[in-house]
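Chemist: here's a sequence, model it:
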Amino acid sequence: MAHPVWRIEEHAEDALDVVIVAVSKPEVVRAILRDLWPYEIPTIVTLSPNIYDAFPAKDILTDCVQIASPELVAEDAEIFADETSEIIIEEDVEVSSEVVILASGHSTIRIGKHTFLGKQAHVIADEMSVLTIGEEGLAGEQCSITSGKHSELMIGVECVVENYASVASSEHSNMTLGNRVHLGAFTNIGSSQEGTVRFMDDVGVSSRNIMGASERGVLFLGEKTTIGANGWFSATAGGEIHLGNDNMLSLFIKMAVGQHELLDQKTGKLLTNRAAIHTEDHVWIGIGSTLLPGTHLGESSVVGASSVVTKSFPSHCTIAGNPARVLREGISWQREESL
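Modeler: Numbering: from 1, shown residues only. Just a heads-up that it's a prediction; the model follows:
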């Protein structure tokens, strides 16, 4: 026996606190949300793998959302702040088609002047978080910039987040990207569980890198440090990765501190080496190299391709091998000038 259809337009006089929408396609969810907004329903819960749950639909574009140049916002952009939160979009910010900007749960989003948000980009802050994008920034298509669960994400001026890249801070963590930081396409950078990520000014990270800090870990990149594609950098369980200024890292570089627990079978003693990885200023690391906990590289040193580094080395030396050893001392190097 078929169930009768319940039509909301026939119950406009009723007070509805929650409506649940179960669909699979995000474009259908957006169409339904737009149809339901006139009914002033406090919360709409969406059951869909492509849309955030508990997407409130009341008070769209009220005093909680301040847009200096609304004519630069695409008609199908979704911009919402609940009554506890705030979104401030400054002058000449261009918001492309299908962009989602959402602040909820006592959170704040501020987007600086002359910033561009590409098609289907997501900028989201929730659960008492702060998210700031500095002036003249660029966020590419389908990139994701999020801050949640008592976290802070600060992006400086003139930063670029390329297509499909992801930047996320969550669970009482902190992430700061300095001025003119450039993140390549498909790169993933995250901080969680009281982790700290800090990139200083003029850092460049190429495509398809995975980088993060969690469980009080720290990931720090000094000024003008550059990283080639397809790297992996992980600081967890209180571990620290600290790269100095003007480091030059090639492709397929790996660094990890705090990964997993190795225990003595008899005593239960933790055997995992969680000593920091540290490079001083002006260090060059060749393609495919791996730096393990306890590594310390002195200023102006060079690491040969495919090396595995496990300990400290002095300044102005070339090292290579598995495990790495000193090949030559008293050297210096310089970057090639860009054309």
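
Chemist: which regions of the stretch 51-200 of the chain sit below the pLDDT cut-off?
Modeler: Within the stretch 51-200 of the chain, the stretches with pLDDT under 70 are 51-63.

Chemist: which strands and helices sit next to the one helix or strand V123 maps to?
Modeler: For V123, the host element (DSSP states H and E) is strand 122-126. In terms of contacts (3 or more Cβ pairs under 8 Å, 6 or more residues apart in numbering; DSSP states H and E), strand 122-126 is packed against strand 100-103, strand 108-111, strand 130-133, strand 144-148. Where you see a C-beta, it was placed from the backbone N, CA and C, and this is true even at glycine.

Chemist: centre of the chain to stretch 68-78, how far?
Modeler: On the basis of Cα atoms, centre = their mean, to the nearest Å, stretch 68-78 is displaced by 24 Å from the centre of the chain it belongs to.

Chemist: related to what we said a few turns ago, now distance to P70 and mean neighbour count too, for the helices and strands packed on strand 122-126, in JSON lines please.
Modeler: Supplementary listing: those in JSON lines, determined by distance: least, Cβ to Cβ, whole Å; neighbours: other Cβ atoms under 10 Å:
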{"stretch": "strand 100-103", "distance to P70": "13", "mean neighbour count": "24"}
{"stretch": "strand 108-111", "distance to P70": "13", "mean neighbour count": "22"}
{"stretch": "strand 130-133", "distance to P70": "18", "mean neighbour count": "23"}
{"stretch": "strand 144-148", "distance to P70": "21", "mean neighbour count": "23"}
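
Chemist: so which of those strands is nearest Q265?
Modeler: strand 144-148 (39.3 Å; Cβ to Cβ).

Chemist: what segments of the stretch 1-150 of the chain are helices?
Modeler: Here the stretch 1-150 of the chain has its helices, by DSSP state H, counting those that start in this stretch, at 26-36.

Chemist: can you get me a residue count around the residue lying closest to G137 once chain neighbours are set aside?
Modeler: The shortest distance from G137 to any non-neighbouring residue, by Cβ to Cβ, 6 or more residues apart in numbering, is to T115 (4.3 Å). By other Cβ atoms under 10 Å, 25 other residues sit near T115.

Chemist: dump the residue contacts of T115.
Modeler: Counting by Cβ atoms under 8 Å, 6 or more residues apart in numbering, T115 touches 90, 93-94, 133-139.

Chemist: re the thing from before, which of the helices and strands packed on strand 122-126 sits closest to F313?
Modeler: Checking the helices and strands packed on strand 122-126 against F313 by Cβ to Cβ gives strand 144-148 as the closest, at 37.4 Å.

Chemist: paired strands for the next helix-or-strand element following that closest one, with orientation please.
Modeler: With elements assigned by DSSP H and E, the helix or strand that comes after strand 144-148 is strand 152-155. Next to strand 152-155 in the sheet, as set by DSSP bridges, lie strand 130-133 (parallel), strand 174-177 (parallel).

Chemist: tell me what whatever helix or strand comes next after the last one is packed against?
Modeler: Using DSSP H and E, the next helix or strand after strand 174-177 towards the C-terminus is strand 182-183. Using 3+ Cβ pairs under 8 Å, 6+ apart as the contact criterion, the neighbours of strand 182-183 among helices and strands are strand 160-161, strand 204-205.

Chemist: pretty sure R328 is touching H316, no?
Modeler: No: in this structure, R328 is not within contact of H316 by Cβ atoms under 8 Å, at 9.4 Å.

Chemist: ok, now which ones touch M200?
Modeler: Taking Cβ under 8 Å, 6+ apart as the test, what M200 contacts is 178, 220-223, 225, 245.

Chemist: ditto for A229
Modeler: With contacts defined as Cβ under 8 Å, 6+ apart, the neighbours of A229 are 184, 206-209, 251-252.

Chemist: check S170 too.
Modeler: Shown in contact with S170 (Cβ under 8 Å, 6+ apart): 146-149, 151, 190-192.

Chemist: for those, give me a markdown table that also has distance to A276.
Modeler: Output for the contacts of S170, formatted as a markdown table (distance: Cβ to Cβ, whole Å):
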| residue | distance to A276 |
| --- | --- |
| T146 | 28 |
| S147 | 26 |
| G148 | 28 |
| K149 | 26 |
| S151 | 23 |
| G190 | 20 |
| S191 | 17 |
| S192 | 19 |
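
Chemist: follow-up on the earlier one: can you tell me which of the contacts of M200 has the most neighbours?
Modeler: Each of these was scored by neighbours using other Cβ under 10 Å; the highest score is L221's, at 27 neighbours.

Chemist: mind listing what it touches?
Modeler: L221 makes contact with 198-200, 203, 227, 243, 247, according to Cβ under 8 Å, 6+ apart.
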